[in-house]
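Q: please work out how this folds:
(one chain, ligands or ions: 1)
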Amino acid sequence: SGPRPRLTVIGTGYLGATHAVCMAELGFEVLAVDVDHSKIERLSAGEIPFFEPDLADLLRANLATGRLRFTTSFEEIAEFGDVHFVCVGTPQRPDGYGADLSHLNAAIERLAPLLTRPCLVVGKSTVPAGTAAGIARTLARLAPANAGADADIVSDLAGVQLAWNPEFLREGFAVADTLHPDRLVFGVASPAAEGALRAAFAPVIAQGVPVIVTDYATAELVKTAANSFLATKISFINAMAEVCEAVDADVLTLAEALSHDVRIGGNFLRPGVGFGGGCLPKDIRAFQARADELGVGVALRFLREIDEINNRRRDRVVDLVAAALDGTLARRRLLVLGAAFKPNSDDVRDSPALAVADLLARTGADVTVVDPVATPNARRALPGVTYSETVEDVAADADAVVLLTEWRQFAELDPARLGQLVRRKLIIDARHALDGDRWRQAGWVYLAPGRPTGVIPSPVPEQRPRFGLPAATGPDGAAARDA
Ligand code: UDX
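A: This is a model prediction of the structure:
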């Protein structure tokens, strides 16, 4: 293997910061750039601007070695880099349909004119299929190193070339997923580009990680297809939860039984309040928008259904809380456990937990949200409710506790102790995170969507089934539903 390429990372958000730190950890010299000066200052000072386990320690260690540096100068990265990783965000467009590529286009247009020597530009952002081909044309047009060349350079890295390398990292596991990915996908247009990418991932490839080498469009599609499949699995089991509710069956047992079939598997089969976050929801919507543009919208029509099933879970939790409180939420004091879209994250983008908190508050409930990490972000996203970082401080006089994010801290709550603080021992475990028997033994009414409640709703045409639960006031009601 030849000398190690020098790497740059453009955009130091979630993906870019993680990628920069991990590539330095793998031994590369890395220079990362962002247009946001305050972000660069914080990162240079060893501070990660979001919550991600292990990342801050690795950042500080690699700053100390000098392998990792940050800058706001595109000139500097153009001068420095052999391989430039583009990691800017591609958020949902304000119309809710389709990806906003303005940050990506701006980054390419700023970088390209500065690229005066041969190098590889690698797109990592999640983009609609066909985007990479357009970026390759822009690079061919704007990069001085390509002056006079065609868009399709197929010899070696004589000029500036493009590759597409989608990223599959999960929040909360970003470091492990980046250092030890399941697979690497290289969308390339030349053997030289493949060679440069292999050099940039040599330590990862050496672990035996499978490398799939393909064209741009396939590489782009792998990412959206993977996220669509994951979303489909979650909505599938949540759809089963809806059916379970109609016959008083148990979706958790159903999911467990399904999971033993190796063709199905148990991952991403956890029912609950549905998926959220900065990827799955926006990616399935952008994928449909792109399929519509390509004239194959019909092939992805099912994703609309996946989205709708997902959103119905939020209403369902609200219905369940209301039914358990004798049909009314007005002025009820509700203790909501969780704001982040999932545990080990401070991300509240498209968070089902915050969406439910919002719905509960709009229905007139007095809502207090507890989250160990995400409260600052949640306060900005949903200012109208009360927040706390711990349960005990705010549990007094609660009429119901609603668990919406499965933080470990919540699973470890002591039902007996909490029972002494609340007004009414009623808990709705929307993520199936708690040991229901333990809570019932401590005198709580424990309810979980998709699990038997003891009451079969009569089907009402054209209407969501609304559970006519008996007044859930105490241990007796709990016992009745325990069977
Ligand atoms: C996801 C993909 O997993 C990742 O590969 C991609 O790069 C980005 O999007 P992330 O958004 O970090 O990652 O979270 P993930 O762990 O996948 O969970 C997504 C959502 O689905 C969360 O809201 C989670 O609570 C929910 N989920 C997940 C379920 O409701 N049930 C499950 O069984 C699994």
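Q: ok, now which ones touch Arg141?
A: For Arg141, the residues meeting the contact criterion (CB atoms under 8 Å, 6 or more residues apart in numbering) are Ala112. (C-beta placed from N, C-alpha, C; glycine too.)
Q: stretch 420-435 and the ligand, are they touching?
A: No - contact of stretch 420-435 with the ligand is not found when judged by CB under 6 Å from any ligand atom; the minimum separation is 7.5 Å.
Q: chain center to that stretch: distance?
A: Computed by CA atoms, centre = their mean, to the nearest Å, the chain-centroid distance of stretch 420-435 equals 26 Å.
Q: give the buried residues for it.
A: Residues of stretch 420-435 classed as buried under the neighbour-count rule (16 or more other CB atoms under 10 Å) are 421-422, 424-434.
Q: now stretch 376-396
A: Residues of stretch 376-396 classed as buried by neighbour count (16+ other CB under 10 Å): 377-378, 382, 385, 387-388, 391, 394-395.
Q: could you do stretch 241-253 as well?
A: In terms of neighbour count (16+ other CB under 10 Å), stretch 241-253 has its buried residues at 241-242, 244-245, 249, 251-252.
Q: quick one: which two of the residues you listed are the most distant?
A: Distance extremes for those: the farthest pair is Glu242 and Leu252 at 14.2 Å, using CB to CB.
Q: any chance of the buried residues of stretch 420-435 in CSV with pLDDT and distance to Thr126 as columns?
A: Output for the buried residues of stretch 420-435, formatted as CSV (pLDDT from 0 to 100; distance: CB to CB, whole Å):
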residue, pLDDT, distance to Thr126
Leu421, 96, 44
Val422, 97, 42
Arg424, 97, 44
Lys425, 97, 44
Leu426, 97, 41
Ile427, 97, 37
Ile428, 97, 34
Asp429, 97, 32
Ala430, 98, 28
Arg431, 98, 26
His432, 97, 29
Ala433, 97, 29
Leu434, 97, 34
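Q: which positions in the stretch 201-350 of the chain make contact with the ligand?
A: Residues of the stretch 201-350 of the chain found near the ligand (CB under 6 Å from any ligand atom) are 227, 230, 234, 268-270, 272, 274-277, 279-280, 341-342.
Q: can you do 8 Å?
A: Counting by CB under 8 Å from any ligand atom, the positions of the stretch 201-350 of the chain adjacent to the ligand are 223, 226-227, 230-231, 233-234, 237-238, 267-280, 283, 341-342, 345, 347.
Q: now the two most distant members of the buried residues of stretch 420-435.
A: Leu421 and His432 (23.3 Å).
Q: could you check how far the residue nearest to the spatial centre of the chain is from Phe341?
A: Compute the mean C-alpha point of the chain, and by CA atoms, centre = their mean the closest residue is Gly277, 3.8 Å away. Distance from Gly277 to Phe341, counting by CB to CB, to the nearest Å: 4 Å.
Q: what is in contact with those two at once?
A: Counting by CB under 8 Å, 6+ apart, the contacts common to Gly277 and Phe341 are 347, 349-351.
Q: could you give the mean pLDDT of the host helix or strand of Arg440?
A: With elements delineated by DSSP states H and E, Arg440 resides in helix 436-441, which encompasses its position. For helix 436-441, mean pLDDT rounds to 96.
Q: helices or strands next to that helix in the packing?
A: Other helices and strands packing on helix 436-441, by 3 or more CB pairs under 8 Å, 6 or more residues apart in numbering; DSSP states H and E, are helix 415-421, strand 426-429, strand 445-447, helix 475-482.
Q: in terms of mean pLDDT, which of these ranks lowest?
A: Taking the mean pLDDT of each of the helices and strands packed on helix 436-441, the lowest value is held by helix 475-482, a mean of 34.
Q: who's in contact with the closest residue to Leu221 other than its chain neighbours?
A: Spatial nearest neighbour of Leu221, chain neighbours left out: Ala129 (5.2 Å); criterion: CB to CB, 6 or more residues apart in numbering. Contact criterion CB under 8 Å, 6+ apart gives 217, 220-221, 224, 290, 294 as the residues in contact with Ala129.
Q: now Ala129: how far from Ala99?
A: Taken as CB to CB, the span from Ala129 to Ala99 is 11 Å.
Q: please apply the same query to Arg69.
A: Going from Arg69 to Ala99 by CB to CB gives 30 Å.
Q: residue contacts, the residue nearest to the centre of the chain?
A: Residues in contact with Gly277, defined by CB under 8 Å, 6+ apart, are 171, 341-342, 345, 347, 349-351.
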